[in-house]
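next input, structure requested:
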Amino acid sequence: MDEPGVVPRSRSRDLLLLVGICLLSLLLVNAFVARPFAVPSGSMENSLRPGDRLIANQLAYSFGGHPRRGDVVVFDGRGSFLRGSAEPTGFGNALRSLVRDLGLAPADDSVYVKRVIGVGGDRVTSTGPGARITVNGVPVDESSYLAPGDEPSKVAFDVVVPAGKLWVMGDHRDASRDSRDHLGEPGGGFVPEGKVIGRAEWVVYPVGHWTGLDRSAAFAAVGGTGGHGDQR
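Next comes the predicted model:
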């Protein structure tokens with residue numbers, strides 16, 4: 001008979017095993033299926049706000065899928081937005097990575113969330129203030145997601161997106177450092193598809209901002225022109 005107030009050793013082992021299985025399951029889901037991220041800045045307002053917790057679907061582009069125009073994606077900016085650098089090693093860094101992977105802390109400074117404007121093969125242009133961005137010659141109405149008062153772009157540019165890469169921009173154009181800011185750099189502002197961690201699917205925190213991040217219909221008129229074929 002067990003002594004009062006003493007948890008039997010076998011029950012303690014069962015509890016630890018259960019906790020270990022739950023933690024392992026969570027890590028596996030985070031690694032391969034759905035990963036939480038904390039939004040670090042206001043570059044995607046009002047679609048995403050600083051401190052929002054979102055879930056990125058890591059299977060969205062598996063099995064031959066590709067990012068599409070209008071998708072909000074989470075990506076590793078090393079080698080495109082940032083100079084490539086080796087991941088620090090050591091127990092402390094591993095622990096910090098674990099906490100970030102569990103969504104309990106913001107992602108590090110190499111992780112970005114932006115909206116896909118152009119995919120491989122697309123020509124994306126802007127003549128600057130007062131004009132819409134065009135994709136393959138088609139003006140895009142971005143009013144459904146641009147931050148109030150923002151121009152589509154105050155910076156003029158004319159780029160052709162290389163195969164396997166993306167042109168990405170924040171919804172709060174006046175507060176976003178995105179592909180436009182890296183035009184003169186070796187990567188040209190383009191993000192390799194292989195650096196995309198997942199498609200942002202849901203905002204799950206705070207409760208008052210719960211929402212699904214559906215692909216914008218703004219690019220419907222561009223469907224079937226360039227890129228990966230029909231983008232609608």
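
contacting residues around the spatially most central residue of the chain?
The centroid of the chain falls nearest to Val74 when counting by CA atoms, centre = their mean (1.5 Å). By CB atoms under 8 Å, 6 or more residues apart in numbering, the residues touching Val74 are 35, 37, 54, 56, 107, 111-113, 196-200. All C-beta spots, glycine's among them, are computed from the backbone N, C-alpha and C.

repeat that for 6 Å
37, 56, 113, 197-198, 200 (CB atoms under 6 Å, 6 or more residues apart in numbering).

cool, and Gly189?
So Gly189 contacts 179, 182-183 (CB under 6 Å, 6+ apart).

which of those count as buried?
Buried by 16 or more other CB atoms under 10 Å: 179, 182, out of the contacts of Gly189.

just give me the closest of the contacts of Gly189 to Trp167.
Within the contacts of Gly189, proximity to Trp167 (CB to CB) peaks at Ser179, which comes in at 4.9 Å.

just confirm the closest one contacts Lys165, I think it does.
No: here Ser179 lies out of contact with Lys165, judged by CB atoms under 6 Å, at a distance of 9.8 Å.

mean confidence score for stretch 127-143?
Here stretch 127-143 scores 96 as its mean pLDDT.

what sits up against it?
Taking contacts as CB under 6 Å, 6+ apart, the residues outside stretch 127-143 that touch it are 118, 122-126, 151-152, 154, 156, 218, 221-222, 225-226.

re earlier: can you lay out the contacts of Val74 as CSV showing secondary structure, pLDDT and distance to Gly70?
Shown next, in CSV, are these (DSSP: H, G, I helix; E, B strand; the rest coil; pLDDT from 0 to 100; distance: CB to CB, whole Å):
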residue, secondary structure, pLDDT, distance to Gly70
Phe37, strand, 85, 19
Ala56, strand, 90, 16
Val113, strand, 94, 14
Ile197, strand, 91, 18
Gly198, strand, 92, 15
Ala200, strand, 93, 12
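
which non-adjacent residue is nearest Ile197?
Of all residues not flanking Ile197 in the chain, Val74 sits nearest, at 4.6 Å (CB to CB, 6 or more residues apart in numbering).

what does that neighbour show for phi and psi?
phi -100, psi 130 (degrees, to the nearest 10).

how near is it to Ala60?
As judged by CB to CB, to the nearest Å, Val74 and Ala60 stand 10 Å apart.
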